[in-house]
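K.L.:
Any chance you could fold what I've pasted below:
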Amino acid sequence: MRSIKKVVTQCAALLVVWALAAPAMPQEPAPQGPVIKSQVNLVNIFATVRDKNKRIVGDLKQEDFKITEDNQDQKIAFFSKEVTLPITLALLLDTSGSEQFMLGPIQEAGSSFLRRVLRKGDEALVMSFDTDVDLLSDFTDDRAQLDRAVHHTRINVSMRGGGINPGPVPTGTVTGTALYDAIYLACSEKLNTEAGRKAIVIVSDAQDEGSKVRIEEAIEAAQRTDTVIHVILVADPHYGANGGAARKLAEETGGRVLNASNDKKLMQAFDEISEELRSQYTLGYYPSNSALDGKFRKIHVETANHDLKVLARKGYYAPKG
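P.N.:
Residues are numbered from 1 along each chain as shown. Take a look at the predicted model:
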């Protein structure tokens, strides 16, 4: 059933992109070579716009946006304010010793978030990470299963030993908090085969100790799979938080960082991310640079009103020919 649903989701996503991007076609079929090539190179961007008071702006039109790729203006091929593509979420929960006093509120807020944000056609998975990365629930739309997975999280207070990761892919022996490994695994082993909008929501102090991959590799994995990373910073005063790492993860992928120092702010942070995921513009363009060189291309999205802030991914990797 899972594989069938994935095919249906991918087909639906392609149909939405085609409907948005293509003009009405004549009954007589036209040569398909250039069309196929253009479809392969289509770049999708999901953008959220906020004003200077951080309120979401939802009444913009296509002509209000400007996209550049490597400082070259790009022509917007399609635009939509109605987000019809499904959301695929990965909820990553920090279960290292630094989160032991906040685990209960994290579980309650995380479960509530998944119940509210997921709609028909959406799916989510749940991972925990400390010295290991554990897959607690694979992709599902079963709210009860996701709720059990979130409440199954347990704090690993032992920081002295290592362990072999029993999650989706073994990562070897680590000591500390394998945040970057968790992101890398979620993207490269799970989200890479999903269609539509993809997001990772991390609840952590963003302190990484012992990951096999570097932060740059975790970000690249997200960029290659078109995944946005949102970070909710929950930090014990004795441990502190790595705000720099959290901002880098979020900014490079088009996500946000929200601070949550208590139960109320934690719930508010989840509410803001939920609103973010449901208030996106869909933009798409065919890049003027048609080289299939596999290189990273920088994207910048802005509006004619420079008082507005656009939240969107910073780039993508071109396909290889």
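K.L.:
What ranges does the stretch 151-300 of the chain have for its strands?
P.N.:
197-204, 227-233, 257-259, 281-285, 296-303 (DSSP state E, counting those that start in this stretch).
K.L.:
Now render the ones you listed as CSV, adding mean pLDDT, distance to T153 and mean neighbour count.
P.N.:
Backbone N, C-alpha and C define where each C-beta goes, glycine included. Formatted as CSV, those follow (pLDDT from 0 to 100; distance: least, Cβ to Cβ, whole Å; neighbours: other Cβ atoms under 10 Å):
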stretch, mean pLDDT, distance to T153, mean neighbour count
strand 197-204, 96, 10, 26
strand 227-233, 97, 15, 26
strand 257-259, 96, 20, 19
strand 281-285, 94, 34, 22
strand 296-303, 97, 35, 17
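K.L.:
quick one: low-confidence parts of this structure?
P.N.:
1-40, 82-84, 157-175 (pLDDT under 70).
K.L.:
Which parts of it belong to which domain?
P.N.:
2-83+285-317, 87-277 (automatic domain parsing).
K.L.:
Which of those has the highest mean neighbour count?
P.N.:
domain 87-277 (a mean of 20; mean count of other Cβ atoms under 10 Å).
K.L.:
need the contact list for V203.
P.N.:
Residues in contact with V203 (Cβ atoms under 8 Å, 6 or more residues apart in numbering) are 91-94, 99, 106, 110, 232, 234, 266.
K.L.:
so it bridges to which residues?
P.N.:
Beta bridges link V203 to L93, I232, judged by DSSP bridges.
K.L.:
Tell me how far it lies from H300.
P.N.:
Applying Cβ to Cβ, to the nearest Å, the value for V203 to H300 is 29 Å.
K.L.:
Quick check: beta-bridge partners of the residue lying closest to N44 once chain neighbours are set aside?
P.N.:
Distances taken as Cβ to Cβ, 6 or more residues apart in numbering put G284 closest to N44, at 5.1 Å, once the chain neighbours are dropped. With DSSP bridges applied, G284 shows beta-bridge pairing to N44, F78.
K.L.:
From what I see, G284 and V43 are in contact.
P.N.:
Yes - assessed by Cβ atoms under 8 Å, G284 is found in contact with V43 at 6.5 Å.
K.L.:
intersection of neighbour lists for these two?
P.N.:
With Cβ under 8 Å, 6+ apart as the test, G284 and V43 reach no residue in common.
K.L.:
Could you look up the SS state of G104?
P.N.:
At G104, secondary structure determined by DSSP: H, G, I helix; E, B strand; the rest coil is helix.
K.L.:
mind listing the helices for the chain?
P.N.:
2-21, 33-41, 103-117, 143-151, 179-185, 215-224, 243-253, 263-277 (DSSP state H).
K.L.:
Just send these back as JSON lines, with distance to E69 too.
P.N.:
Formatted as JSON lines, these follow (distance: least, Cβ to Cβ, whole Å):
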{"stretch": "helix 2-21", "distance to E69": "17"}
{"stretch": "helix 33-41", "distance to E69": "11"}
{"stretch": "helix 103-117", "distance to E69": "31"}
{"stretch": "helix 143-151", "distance to E69": "37"}
{"stretch": "helix 179-185", "distance to E69": "25"}
{"stretch": "helix 215-224", "distance to E69": "14"}
{"stretch": "helix 243-253", "distance to E69": "16"}
{"stretch": "helix 263-277", "distance to E69": "24"}
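K.L.:
Quick one: closest of those helices to I56.
P.N.:
Using Cβ to Cβ as the measure, helix 263-277 is the one of the helices of the chain that comes nearest I56, at 6.5 Å.
K.L.:
Can you check what angle separates the closest one from strand 197-204?
P.N.:
On the basis of axes from the mean of the first three to the mean of the last three Cα atoms, to 10 degrees, helix 263-277 is oriented at 170 degrees to strand 197-204.
K.L.:
Give the other helices and strands that helix 263-277 contacts.
P.N.:
Secondary-structure packing of helix 263-277 (3 or more Cβ pairs under 8 Å, 6 or more residues apart in numbering; DSSP states H and E): helix 103-117, strand 197-204, strand 227-233, strand 257-259.
K.L.:
Now distance to N289 too, for these, in TSV please.
P.N.:
TSV is the format used below for the helices and strands packed on helix 263-277 (distance: least, Cβ to Cβ, whole Å):
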stretch	distance to N289
helix 103-117	36
strand 197-204	24
strand 227-233	23
strand 257-259	31
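K.L.:
wait, which of the ones you listed is closest to D141?
P.N.:
Short answer: helix 103-117, nearest of the helices and strands packed on helix 263-277 by Cβ to Cβ, at 10.1 Å.
K.L.:
mind checking how far that closest one is from the chain centre?
P.N.:
Relative to its chain's centre, helix 103-117 lies at 18 Å (Cα atoms, centre = their mean, to the nearest Å).
K.L.:
tell me the angle of it relative to strand 197-204?
P.N.:
Using the same axes, to 10 degrees: helix 103-117 against strand 197-204 is 160 degrees.
K.L.:
what does helix 103-117 rub up against?
P.N.:
Counting by Cβ under 8 Å, 6+ apart, 87, 89, 91, 93, 95, 99, 124, 143, 146-147, 150-151, 153, 155, 201, 203, 234, 263, 266-267, 269-271, 273-274, 277-278 sit against helix 103-117.
K.L.:
Done for today, thanks.
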